[in-house]
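Novice: Based on what follows, work out the 3D shape:
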Amino acid sequence: MRRNRHAKIVATVGPASSTPEMLHALFLAGVDTFRLNFSHGTQDDHAKVHAAIRDLERAVGRPIGILQDLQGPKIRVGTLAGGRIEVASGEAIRFVLAGAEGGRDAIPLPHPEIFAAVAPGQDLLIDDGRVRVRVTGLTADSIDAEVLVGGVIANRKGVNLPGTLLEVSPLTAKDRDDLAFGLDLGMDWVALSFVQKPADVIEARGLIGDRAGLMTKVEKPQALERIEDIIRLSDAVMVARGDLGVEIPHEDVPGRQKELIRACRLAVKPVVVATQMLDSMVSAPTPTRAEASDVATAIYDGADAVMLSAESATGRYPVETVAMMARIIHRTETHKLYRSLITASDPGEEETPPHAIATATAALADAVHAAAIVAYTLSGTTAARVARRRPAVPILALTPDLATSRRLCLLWGAHSVQADEVATYEDMVTNAVAHAVEEGFAAPQDRVVITAGIPFAVAGTTNNIRIAQV
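Specialist: Predicted coordinates:
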C-alpha cells in the first residue's frame, strides 16, 4: 500500500476514532502513525486501541507507528469560591500557596516550584493567556500581581510562566506509571512534554532506553535556548505550537517552526508539526483556506510529518480530515515550486563519510532517473540520512527489525518494509531489486539505487552505493 506523498500523517485517537472499524478507515485515508494521548482516557482504553492497531497492522500487511504522548506536569490554579472570578485590567490580586475556595485576595496556586522561581516583573498567563498578570511582589507563600489583561479565572485553569525556568521534572508520578505501561505494551514512540532543558531529555532516556524512540515536544521557550542539545539527545521532535504559542508571541511561532524544522533536518531527526492544523474540521466538513495554507507551509518547510489532534480524536469528520490532509500534502509536493523551495531550505550536512554517502545516493538516484532508492537500515539511520536530502525519488527502507520499520512510519519519504537480513553483497542487490518490484516501485528495465552499510547488520555504517537494473 504505497502512499502518493512523502510527508507523513500522525492522527490522535479518541472517542471519535477508537473503534477498529474507524482505525481501519483512518489508515486507508492516510494515517501513518497513531497518537495515543495519555492526558485523556485510561490505561485500559489505550491498551484496547493499541491492540486494535496491531490487529490492523497484521490485516493490511504494513507497519504502523504508535506514539504515546505523556501528559507531563500541569500547572493550574486551585478551586475558587463560586468556581470562578472575573478580574479587570489594573486590578491587584493575590495568589497563595495554600488554601482552598479562595477569592481574588487568595487565589490558590498549589505549586511551590512557582513560588521558588518567580520574580517581580515576570508575567503569569492563565487559561492559555486569556488572562495575563504581572508579579509585583512575593513572599514565601504569596504572590501579589497586577492584572494586565482582564477576564475570567475559573477552577483548575492552566498557568504558564513564559521566561521562567521551573525546577520540576517533566515526568510526574502518573507519567512514570503510564510510561512503564506503554513500554510494556510496545509503543514505538514516546512524546515527552514540558521539556525545559537537556537534562529533562536525559532523565526520560534513562527510563526509556532503546525500547522506544524518544520524541521531545518543544512547547517551552526555555527549550529554545538549548535547542541544539535537546535535538541531539532526542530521536525526534514535535513542534507543539499550541503551548509554545501561549508563551512566545504569536508572530514568532512561524519563524520558530522553520528554525526547528531546519535544525532537525541538519541533525537527521524526524520533525512533526502539530496543533490546530485543520482545527475547523472538528465541526465542519472542510477546512479554512488559512488552515490548508498552514499545512502546505509545513510541507514546503520540509517537515517529516504533520499531526491532527482534536480533529481526529473528538471531531465529527475524522476520516474526511485525514483525507483532506493527505490531499493537501500531495498537491503541495507536486506543485511546480515545491522542489525549488525544498532545495532552498536544505540545511547542509555534517562532513562525515556516512552523510556524504547518503547525499551521493540521493544525487545519483536523481541523475539516473531511478525508480527508487533502496536503503538497507538496521536502526533507521541510513534511511534518515537519505531522507534528509529530500530526494524526488521514493525511499524503500528495508530493515530486519520490526520496531525500526514501525518507527520509520514517521520519516519523510520512507516506505518501510521488514525484510530478512542479507549475508552477501549479491544477496543485497538481488533482494533490493525484488522488494522494489514487489512493493510496486520498479518495473522491468527500471534502475534502483541501493545504499547500505558493509559489514551488514552494523548500525550507522552507511558506506556503499550500487546501481542495479530490474
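Novice: Show me what the longest helix anywhere in the chain is packed against.
Specialist: Using DSSP state H, we find that the single longest helix of the chain is helix 43-60. On a contact count with 3 or more C-beta pairs under 8 Å, 6 or more residues apart in numbering; DSSP states H and E, helix 43-60 meets helix 20-29, strand 33-37, strand 65-69, helix 173-185. Where C-beta positions appear, they are placed from N, C-alpha and C, glycine not excepted.
Novice: rerun at 10 Å
Specialist: Using 3 or more C-beta pairs under 10 Å, 6 or more residues apart in numbering; DSSP states H and E, the elements in contact with helix 43-60 are strand 8-13, helix 20-29, strand 33-37, strand 65-69, helix 173-185, helix 402-407.
Novice: Turn the ones you listed into CSV, including distance to Val147, mean pLDDT and mean neighbour count.
Specialist: As requested, those are exported to CSV (distance: least, C-beta to C-beta, whole Å; pLDDT from 0 to 100; neighbours: other C-beta atoms under 10 Å):
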stretch, distance to Val147, mean pLDDT, mean neighbour count
strand 8-13, 35, 98, 28
helix 20-29, 44, 98, 17
strand 33-37, 33, 98, 24
strand 65-69, 33, 98, 26
helix 173-185, 32, 98, 17
helix 402-407, 47, 97, 22
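Novice: Of the ones you listed, which is nearest Ile357?
Specialist: The minimum distance between Ile357 and these falls on helix 402-407, with 19.1 Å, by C-beta to C-beta.
Novice: So, low pLDDT: which residues of the protein?
Specialist: Along the chain, segments meeting pLDDT under 70 span 349-350, 457, 459-460.
Novice: Give me the domain ranges for it.
Specialist: Segmentation of the chain into domains, based on automatic domain parsing, reads 8-72+170-337, 81-160, 353-469.
Novice: Quick one: those as JSON lines, columns for distance to Pro347 too.
Specialist: Listed next are the domains of the chain as JSON lines, based on distance: least, C-beta to C-beta, whole Å:
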{"stretch": "domain 8-72+170-337", "distance to Pro347": "4"}
{"stretch": "domain 81-160", "distance to Pro347": "30"}
{"stretch": "domain 353-469", "distance to Pro347": "8"}
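Novice: The closest residue to Arg130 other than its chain neighbours: what's it in contact with?
Specialist: Closest residue in space to Arg130, ignoring its immediate chain neighbours: Gly151 at 4.9 Å, by C-beta to C-beta, 6 or more residues apart in numbering. Counting by C-beta atoms under 10 Å, 6 or more residues apart in numbering, Gly151 touches Glu86, Val87, Ala88, Ser89, Ile126, Asp127, Gly129, Arg130, Val131, Arg132.
Novice: out of these, which one sits closest to Asp141?
Specialist: Closest to Asp141, out of all of the contacts of Gly151 and judged by C-beta to C-beta, is Ile126, at 19.2 Å.
Novice: I figured the closest one hits Asn155, correct?
Specialist: No. Checked against C-beta atoms under 10 Å, the pair Ile126 and Asn155 is beyond contact range at 11.7 Å.
Novice: what sits in contact with each of these two?
Specialist: What both Ile126 and Asn155 touch, as defined by C-beta under 10 Å, 6+ apart, is the set Arg76, Val77.
Novice: more crowded one of those two?
Specialist: Taking other C-beta atoms under 10 Å, Ile126 and Asn155 do not tie; Ile126 has more neighbours (25 against 14).
Novice: and the more buried one, backbone torsions?
Specialist: phi -120, psi 140 (degrees, to the nearest 10).
Novice: What about this protein, which residue is the most distant from its middle?
Specialist: Asp105 (40.7 Å; C-alpha atoms, centre = their mean).
Novice: could I get the helices and strands packed on helix 43-60 as JSON lines with distance to Gly245?
Specialist: Formatted as JSON lines, those follow (distance: least, C-beta to C-beta, whole Å):
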{"stretch": "strand 8-13", "distance to Gly245": "18"}
{"stretch": "helix 20-29", "distance to Gly245": "27"}
{"stretch": "strand 33-37", "distance to Gly245": "19"}
{"stretch": "strand 65-69", "distance to Gly245": "18"}
{"stretch": "helix 173-185", "distance to Gly245": "23"}
{"stretch": "helix 402-407", "distance to Gly245": "28"}
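Novice: Nearest to Arg232, out of those?
Specialist: It's helix 402-407; of the helices and strands packed on helix 43-60, that one is closest to Arg232 (C-beta to C-beta) at 17.9 Å.
Novice: Quick check: which helices or strands does that closest one pack against?
Specialist: Judged by 3+ C-beta pairs under 10 Å, 6+ apart, the packing partners of helix 402-407 are helix 43-60, strand 65-69, strand 213-218, helix 381-388, strand 395-399, strand 414-418.
Novice: ok, residues contacting the first one?
Specialist: When contacts are taken as C-beta under 10 Å, 6+ apart, the neighbours of helix 43-60 outside the stretch itself are 1, 13-15, 17-24, 26-28, 31, 33-34, 36-38, 40-42, 62-66, 68, 177-178, 181-182, 184-187, 402, 406.
Novice: between the helices and strands packed on helix 43-60, which gets nearest to Val319?
Specialist: Distance to Val319, taken as C-beta to C-beta, is lowest for helix 20-29 among those, at 4.9 Å.
Novice: Neighbours of Val374, how many?
Specialist: So Val374, with other C-beta under 10 Å, has 34 neighbours.
Novice: Show me what it bridges to in the sheet.
Specialist: Applying DSSP bridges to Val374 gives these bridge partners: Leu396, Ile450.
Novice: Check whether it really touches His435, as I assumed.
Specialist: Yes. At 6.8 Å, Val374 counts as touching His435 under the criterion of C-beta under 10 Å.
Novice: between these two, what contacts are shared?
Specialist: Leu396, Leu398, Val417, Ala419, Phe441, Ala442, Val448.
Novice: could you redo the contacts of Gly151 as TSV and give each row secondary structure and distance to Gly302?
Specialist: Output for the contacts of Gly151, formatted as TSV (DSSP: H, G, I helix; E, B strand; the rest coil; distance: C-beta to C-beta, whole Å):
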residue	secondary structure	distance to Gly302
Glu86	strand	45
Val87	strand	43
Ala88	coil	46
Ser89	coil	42
Ile126	strand	36
Asp127	coil	34
Gly129	coil	29
Arg130	coil	34
Val131	strand	37
Arg132	strand	34
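Novice: Kindly give a single ChimeraX line that selects the buried subset of the residues you listed.
Specialist: The ChimeraX selection below is limited to those of the contacts of Gly151 classed as buried (16 or more other C-beta atoms under 10 Å):
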select :87,126,127,129,131,132
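Novice: closest to Glu228 among the contacts of Gly151?
Specialist: Using C-beta to C-beta, Gly129 is the member of those that sits closest to Glu228, with 27.7 Å.
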